[in-house]
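# For reference, the sequence and a predicted model appear below.
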Amino acid sequence: MLIAAAAVLYLADCVVLLERGQALWARGALAFGSLHYQVQGKTVALLNPLTPFVPVSRTLPLFATGFGMDPAGVSRVLSPVGVLAALQFALMFVVLPWCLMRAPGAPFLAALLLAYLNAILMLALIAQRFGRAGIARRPLLTLGFGWLACLPLSVNCARKAGLTFEIAMDAREALRDLSARAREQAAAALAAQATEAAQDLDEGDERHRDLMALKRQLEAGDGRA
């Protein structure tokens, strides 16, 4: 039951809410989440539970005017944490369950202590690299408390840290950096998201016109819309 509870908490932590047309960006891949399922007007997306070591960020919302981080900078800041995140995943869902069942005494306590020390190290490393990159570290206060108070959440530390900011492009612009096959799939997903978002707006609304124009461009094969 303890192992199952840890897994459920981790999976719940993998759920992310996005604006319509906003995407999760990870190493040149885009994911838009569910087409129809929403929570509080936002799209529900699920981070891959098996890749907590891959940094993830959000694109800017469609047609947004704002600032974000250079995508290459995301990798520079968070990639070093990926190794520790992979170790934390192994500790939480391989080593600790095995110790709990086979060696519940000192080996289990040693593995648990190592998991806590690794969580603290990840938090300190992320804070240090955020400071060097000029990224606000205030969100790490809440995140870090959660990682230490509920250890399964620490597995997602690299990805949740990356989700505290957005990259300096929206999904339309991010399409340009994808391979041909990935661009085609992402363009189709973005067109569907644009259609879904437009249905919630009046036809005379300027945003409705922009969304439908984007949909036509994407369906015409212009991945650089």
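Alright, I've got the coordinates. Numbering: from 1, shown residues only.

# in this protein, what spans have low per-residue confidence?
For the chain, the stretches flagged by pLDDT under 70 are 66, 222-225.

# Please go through it and pick out the longest helix.
Counting residues, the longest helix found in the chain (DSSP state H) is helix 106-133.

# For that helix, which helices and strands make contact with it?
If you count contacts as 3 or more C-beta pairs under 8 Å, 6 or more residues apart in numbering; DSSP states H and E, helix 106-133 packs onto helix 71-90, helix 96-102, helix 139-149, helix 157-162. C-betas here are computed from N, CA, C, even on glycine.

# That helix to helix 139-149, inter-axis angle?
Helix 106-133 runs at 180 degrees relative to helix 139-149, counting by axes from the mean of the first three to the mean of the last three C-alpha atoms, to 10 degrees.

# So what's the gap between helix 106-133 and the chain middle?
In terms of C-alpha atoms, centre = their mean, to the nearest Å, the centre of helix 106-133 is found 20 Å from the chain centre.

# Now do the contacts for the residue nearest the centre of the chain.
Residue closest to the average C-alpha location in the chain (C-alpha atoms, centre = their mean): Val56, at 4.1 Å. Neighbour list for Val56: 24-26, 47, 159, 162-163 [criterion: C-beta atoms under 8 Å, 6 or more residues apart in numbering].

# Looking at the residues you listed, which is nearest Gly68?
Trp25 (10.0 Å; C-beta to C-beta).

# what packs against the helix or strand containing that closest one?
Using DSSP states H and E, Trp25 sits within strand 24-26. Applying 3+ C-beta pairs under 8 Å, 6+ apart, one finds that strand 24-26 contacts strand 57-60.
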